[in-house]
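**Student:** let's see this in three dimensions:
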Amino acid sequence: CLQARIKAGGARIYSESSDTWGHVNVGMSSGVHQWEVMVTEDSSGGECTCLGVSVANPRDTGYEHQSSFLLVRCFNGGVYNFGSSESSIEKIHPKDKVRFELNMDRGTLRCWIRGKDQGIIGSDLRKHKTLFPCVQFYSSGRETQLEWFKSKGGGGGGGAGVSKRLASMEHVKRSKKALP
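**Tutor:** Alright, predicted model coming up:
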């Protein structure tokens, strides 16, 4: 049974139950990639959405204590970096736009929230070979929208000039373990 719904031609993902995730269908293994996501539905002050990047086939899921994702937890701005909680940035609320820049040549992930640079939130990412923009929900009734996606050089699933039409959410799965 599908636990999330893909909407708007792949630009939106909606959580129909808790513990779900999905990622964009463009893998990034080299070059510089930018995308923007808007949290279109969530509970203000009780956000249950995480945004970031994932490996192609996560072995484990959940925003904490996992090795398959680098995520920003909207509720508290916690950065969960492939198994460790290293830092916090600004909280992300409904209707906020969050931009990411993944530089696979340098192995870094940078984040902007509401246009404000949060700095590099992940490094040493080349060891993961190919990463995908992703979203993870730990409650139902949440939704995000991929606003745009672009690539310069390299790729792995998309080359230079990948447009929003080609970048869409897919690979929706139910988490293997319940989250708090």
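
**Student:** what comes up buried for stretch 40-50?
**Tutor:** For stretch 40-50, the neighbour count (16 or more other C-beta atoms under 10 Å) marks T40, D42, E47, C48, T49, C50 as buried. The way it works is simple: take the backbone N, C-alpha and C, and place the C-beta from them, glycine included.

**Student:** what does it contact?
**Tutor:** Stretch 40-50 has contacts (C-beta atoms under 8 Å, 6 or more residues apart in numbering) with 12, 14, 18, 39, 63, 69, 71-75, 80, 91-95, 135-139, 141-145.

**Student:** which among those end up buried?
**Tutor:** Going by neighbour count (16+ other C-beta under 10 Å), those have 12, 14, 18, 39, 63, 69, 71-75, 80, 91-94, 135-139, 142-145 buried.

**Student:** show me what the helix or strand containing W112 is packed up against.
**Tutor:** Element membership for W112, per DSSP states H and E: strand 108-113. If you count contacts as 3 or more C-beta pairs under 8 Å, 6 or more residues apart in numbering; DSSP states H and E, strand 108-113 packs onto strand 97-103, strand 116-122.

**Student:** would you turn the buried residues of stretch 40-50 into CSV with distance to I120, pLDDT and secondary structure?
**Tutor:** Listed next are the buried residues of stretch 40-50 as CSV, based on distance: C-beta to C-beta, whole Å; pLDDT from 0 to 100; DSSP: H, G, I helix; E, B strand; the rest coil:
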residue, distance to I120, pLDDT, secondary structure
T40, 26, 94, strand
D42, 25, 93, coil
E47, 23, 94, coil
C48, 26, 92, coil
T49, 22, 94, strand
C50, 18, 92, strand
